[in-house]
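In: What shape does this take:
(one chain, ligands or ions: 1)
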Amino acid sequence: MSETKTRVAILISGSGTNLQAFIDRAIDGRVDLDIVVVFSNRVDAYGLERARKAHIPWVSITHADYPDRESFDRSVAAVLDEYAPDLLILAGFMRILSPWFVRHYEGRVLNIHPALLPKYPGLNTHARALEAGDSHHGSTVHFVTEELDGGPRILAGRIAIEEGDTSDSLNSRVQAVEHEIYPQAAQWFAEGRLEFRDAAAWLDGKRLDEPVTEDF
Ligand code: GAR
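Out: You can find the predicted model right below:
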């Protein structure tokens, strides 16, 4: 791959459908990203099979082998840094990051969370949106800071909740949205249009006090 591409490390814990969306778009040139390594904290994550099929280097380190969060994170960073990533993409990486890790990669880590943040940080977002009787739901790409699911928001994909929707139906529609918005936000970063500055997200030189929102 060309050396001008942005070098990305993708961190997963599970199925890796978002990882697959990045792989597909990197292969056919829709994004200027070179996926230099895939990392999982679970060696049985199906996403590692996706990396193998795409001939992308992968590494797995089990967090349970470490006495505390920061010692695990330092081992992860030591491995990732061998690949000199410009950007880290958390794609269903179900680990809370230590302050050390966040500072080490400050302004260079993206996460996607399956809710219209700041609503519903944490788990069970689809059920919580249904229970609250929300009219809309979706997913949000944001920069990672020490606040869980709380960093500056970049791009949100919004869907209408329909009569008869369940957690499962919302999950599949939200995931389809994620596969569009996440590569798009990473491409903005690759193009130098998106940056993290003064604890905020900036797109095309404008501070994003609200995320760019797209309806699906
Ligand atoms: C995605 O829906 C992502 O938004 C969510 O995990 C899923 C991973 O799916 N992330 C979080 O909940 C983080 N707080 P995938 O493994 O199929 O990409």
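In: Just give the number of residues close to the residue in the chain that the ligand sits nearest to.
Out: Ranking the residues of the chain by distance to the ligand (C-beta to the nearest ligand atom) places Gly92 first, at 2.5 Å. From N, CA and C alone the C-beta is placed, and that goes for glycine too. By the criterion of other C-beta atoms under 10 Å, Gly92 has 22 neighbours.
In: near the ligand, which residues of the chain show up?
Out: Residues of the chain lying close to the ligand by C-beta under 6 Å from any ligand atom are 12, 14-18, 91-92, 112-114, 139, 149, 175, 178.
In: Return the subset of those lying in strands.
Out: Here DSSP state E is the test, and the residues of the chain next to the ligand give 12, 112-113, 139 as lying in strands.
In: could I get those residues as TSV with pLDDT?
Out: Rendered in TSV, the data for these read as follows (pLDDT from 0 to 100):
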residue	pLDDT
Ile12	98
Ile112	98
His113	98
Ser139	98
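In: Can you tell me which of these are buried?
Out: Buried residues within those, defined by neighbour count using 16 or more other C-beta atoms under 10 Å: 12, 112-113, 139.
In: Give the next helix or strand downstream of the single longest helix found in the chain.
Out: Selection of the longest helix in the chain by residue count, based on DSSP state H, yields helix 167-190. Following the chain from helix 167-190 toward its C-terminal end, the next helix or strand by DSSP states H and E is strand 194-197.
In: between the residues of the chain next to the ligand, which is nearest Asp73?
Out: Asp73 has its nearest neighbour among the residues of the chain next to the ligand in Ile12, at 15.8 Å by C-beta to C-beta.
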